[in-house]
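Student: Just a sequence and a predicted model for now, questions to come.
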Amino acid sequence: MKRFALAVVVLLAFLTPGLAQDQTQEPQQADRSATGGAQTLEDIMKRQRGEKVDNDFRSNATGDPDSAAGISSQLGTLGGVSDPELWRALRFGSADIKVSSGGKEATVLMQDGGMRWLEIRNGPLKIYGAYLLAGTLAFLVLFYLLRGKIRIDGDKTGRTITRFKAVERFGHWLLAGSFILLAVTGLIVLFGRIAIIPLIGKDAYAPVALASKWVHNNVSWAFMLGLVMVFVMWVVHNIPNKTDLKWIAVGGGLLKKGVHPPAKKFNFGQKMIFWGVIVLGASISASGISLLFPFEFPMFAATFEALNNLGLPQLVGLGTLPTELAPHEEMQYAQLWHTIIAFVMIAMILAHIYIGSVGMEGAYDAMGSGEVELQWAREHHGLWVKEVEQAEQKTQAPDKSAVPAE
Amino acid sequence: MRAMLAAFAAIVVISIGASEFLDRAGFSSAEQASSSSVRLGE
């Protein structure tokens, strides 16, 4: 028994320093007795080192009107809130502000999230966005140099088949034309300060920026209309099916000459473009509307809450996302998200433009005149050609047997 | 080609239409961010 007691004592003796060490690490920041509860030098140094400082000790120290000294007492007229406490409430957005116009957002007098947003917008957003677009262009040039233009392998028949009706081409070009305008004007606005002002100067850039803003804001409606048209017209043809597996197995025949996997109206590559455009297009439209009507349609607090409930941000190590956002923060998140999606879409569409123009012989006709070379259609959309031919035979057959009306 | 040009023309018409409509409906930034007590452009 004595031995057991001794063993416990020895074990505890070893454990105590460990426990003591843990204790010294944790409550360090809570000890602000030296400054009377105000921030310490360590708090300031931590912030300067870019470490996260828990600001609760400041944001919650905004006075208490209920425990105010009596009006006849010393300092009673302050009403339980000192000037520093009032400034703290303004700084952390908890002061009771009344404004004559401007709505909820005008009651936020200080919003430090703006600096974080500006740093991301001017830093990683531009840098990685530019890398993505440059990388995509480099990849396409490399692909062209290695693979060359994808030619029609078989002999051309000289006959054509209608690939897209006028209304389909109209919808496509409504979406495509507006997208290009939005992409170009968006890039002008984002990169203007670092890429255009040094070239043409501020005086010349100002009207360019103003015009870009006008075009970006108003062309957006044509984009949304085009998106709806394209979705309604083509969704049926873009539902993934078993044929797509064959397309994926040979890389769509893009890498090797003479390889032509079967495909219906749209092959798997086109389906990826379609769903990419629809999903990202819907998201960019939603965030765009949020930006077009500032503070009217906040989306991110609700989205973050839904994501938190699903556990996705926690899973990828982002922790719990904030669900109480200042009106300005909503706008900042909307801008960042809008731009991230825009970069991904531009990269995707660059590849789409490449394969629909210089990358493949005969592809442009589908959206140009709508009439494609039959051999091209057989090679790239064999099953679709059969469907069209069968449908034609069916409609022609009854005509031959029909007795003309007298 | 004609469908493409028609679509591009539609983009112009929709854009000008949207701008006019939103301005007239009181959605201009100037109107949105001010009240009767704010004198803009005077």
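Tutor: All right, it came through fine. Keep in mind that this is a model prediction, so the values were computed, not measured.
Student: Run a quick neighbour tally on residue A:45.
Tutor: Other residues near residue A:45 number 11, with proximity taken as other Cβ atoms under 10 Å in any protein chain shown. All C-beta atoms are positioned from the backbone trio N, CA, C, and that covers glycine.
Student: Quick one: mean pLDDT for the host helix or strand of it?
Tutor: Of the helices and strands defined by DSSP states H and E, residue A:45 is found in helix A:41-48. Helix A:41-48 shows a mean pLDDT of 89.
Student: what's the spacing between whichever helix or strand comes after it and its chain's center?
Tutor: Using DSSP H and E, the helix or strand that follows helix A:41-48 in sequence is helix A:56-59. The gap between where helix A:56-59 is centred and where its chain is centred comes out at 33 Å by Cα atoms, centre = their mean, to the nearest Å.
Student: For the next helix or strand after helix A:56-59, name the packing helices and strands.
Tutor: Next helix or strand after helix A:56-59 toward the C-terminus (DSSP H and E): helix A:83-91. Judged by 3 or more Cβ pairs under 8 Å, 6 or more residues apart in numbering or on different chains; DSSP states H and E, helix A:83-91 is in contact with helix A:56-59.
Student: Just the C-alphas of the helix it packs on, formatted as CSV.
Tutor: Provided in CSV are the C-alpha atoms of helix A:56-59 (Å, rounded to 0.1, in the frame of the first residue of the first chain):
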residue,chain,number,x,y,z
ASP,A,56,-14.1,40.7,-26.5
PHE,A,57,-12.5,42.5,-23.5
ARG,A,58,-12.8,45.7,-25.6
SER,A,59,-15.9,45.2,-27.6
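Student: what's near enough to touch residue A:347?
Tutor: Counting by Cβ atoms under 8 Å, 6 or more residues apart in numbering or on different chains, residue A:347 touches A:132-133, A:135-136.
Student: Which positions in the helix or strand containing it come out as buried?
Tutor: Per DSSP H and E, residue A:347 falls inside helix A:327-356. If you call a residue buried by 16 or more other Cβ atoms under 10 Å in any protein chain shown, then helix A:327-356 has these buried ones: A:327-352, A:354-356.
Student: What of stretch A:267-283?
Tutor: Under the neighbour-count criterion of 16+ other Cβ under 10 Å, stretch A:267-283 has A:267-274, A:277-278, A:280-281, A:283 buried.
Student: Which one of the residues in the stretch 1-150 of chain A is closest to chain B?
Tutor: Residue nearest to chain B within the stretch 1-150 of chain A: residue A:101 (3.4 Å; Cβ to the nearest Cβ).
Student: For that residue, which non-adjacent residue is closest in space?
Tutor: Of all residues not flanking residue A:101 in the chain, residue B:35 sits nearest, at 3.4 Å (Cβ to Cβ, 6 or more residues apart in numbering or on different chains).
Student: got the residues of chain B near chain A?
Tutor: Within chain B, the positions lying close to chain A (Cβ under 8 Å from any Cβ of the partner chain) are B:1-4, B:6-8, B:10-11, B:14-16, B:18-19, B:27, B:32-35, B:37-38.
Student: Only the buried subset of those, as a PyMOL command please.
Tutor: The buried subset of these, as determined by 16+ other Cβ under 10 Å, is captured in PyMOL by this line:
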select buried, chain B and resi 3+4+7+8+10+11+14+15+18+19+33
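Student: quick check, residue A:122 in a strand?
Tutor: No: going by DSSP: H, G, I helix; E, B strand; the rest coil, the assignment for residue A:122 is helix, not a strand.
Student: quick one: contacts for it?
Tutor: Per Cβ under 8 Å, 6+ apart, neighbours of residue A:122: none.
Student: per-residue confidence for residue A:257?
Tutor: Predicted confidence (pLDDT) for residue A:257: 80.
Student: Spell out which helix or strand contains it, please.
Tutor: Residue-wise, residue A:257 maps onto no helix or strand under DSSP H and E.
Student: now it: how far from residue A:280?
Tutor: 32 Å (Cβ to Cβ, to the nearest Å).
Student: What of residue A:88?
Tutor: 42 Å.
Student: Check residue A:342 too.
Tutor: Distance from residue A:342 to residue A:280, counting by Cβ to Cβ: 9 Å.
Student: How about the residue of the stretch 301-406 of chain A found nearest chain B, nearest residue that isn't a chain neighbour?
Tutor: Per Cβ to the nearest Cβ, residue A:368 is where the stretch 301-406 of chain A lies closest to chain B, at 6.0 Å. What sits nearest to residue A:368 in space, not counting adjacent residues and going by Cβ to Cβ, 6+ apart, is residue B:1, at 6.0 Å.
Student: now do residue A:64
Tutor: Nearest residue to residue A:64, sequence neighbours excluded (Cβ to Cβ, 6+ apart): residue A:80, at 5.3 Å.
Student: and the residue most central in space within chain B, what does it touch?
Tutor: Geometric centre of chain B, nearest residue: residue B:19, 1.2 Å, by Cα atoms, centre = their mean. Shown in contact with residue B:19 (Cβ under 8 Å, 6+ apart): A:214, A:217-218.
Student: To which secondary structure element is it assigned?
Tutor: According to DSSP H and E, residue B:19 maps onto helix B:2-24.
Student: Please put the alpha-carbon coordinates of that helix into CSV.
Tutor: Extracted in CSV, the C-alpha atoms of helix B:2-24 (Å, rounded to 0.1, in the frame of the first residue of the first chain):
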residue,chain,number,x,y,z
ARG,B,2,-27.8,36.9,-88.5
ALA,B,3,-28.8,35.3,-85.1
MET,B,4,-25.5,36.5,-83.7
LEU,B,5,-26.0,40.1,-84.9
ALA,B,6,-29.6,40.0,-83.6
ALA,B,7,-28.3,38.9,-80.2
PHE,B,8,-25.7,41.6,-80.1
ALA,B,9,-28.4,44.2,-81.0
ALA,B,10,-30.5,42.7,-78.2
ILE,B,11,-27.7,43.2,-75.7
VAL,B,12,-27.6,46.9,-76.7
VAL,B,13,-31.4,47.3,-76.4
ILE,B,14,-31.6,45.4,-73.1
SER,B,15,-28.7,47.4,-71.6
ILE,B,16,-30.1,50.8,-72.5
GLY,B,17,-33.6,49.7,-71.5
ALA,B,18,-32.4,48.4,-68.1
SER,B,19,-30.5,51.6,-67.5
GLU,B,20,-33.4,53.8,-68.4
PHE,B,21,-35.9,51.7,-66.5
LEU,B,22,-33.8,51.6,-63.3
ASP,B,23,-33.1,55.3,-63.4
ARG,B,24,-36.7,56.2,-63.8
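Student: Put the alpha carbons of the helix or strand just after it into CSV.
Tutor: Once the chain leaves helix B:2-24, the next helix or strand it forms, by DSSP H and E, is helix B:29-32. Output in CSV follows, covering the C-alpha atoms of helix B:29-32 (Å, rounded to 0.1, in the frame of the first residue of the first chain):
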residue,chain,number,x,y,z
SER,B,29,-27.3,55.6,-56.7
ALA,B,30,-28.0,59.3,-56.1
GLU,B,31,-31.6,58.6,-55.3
GLN,B,32,-30.9,55.5,-53.3
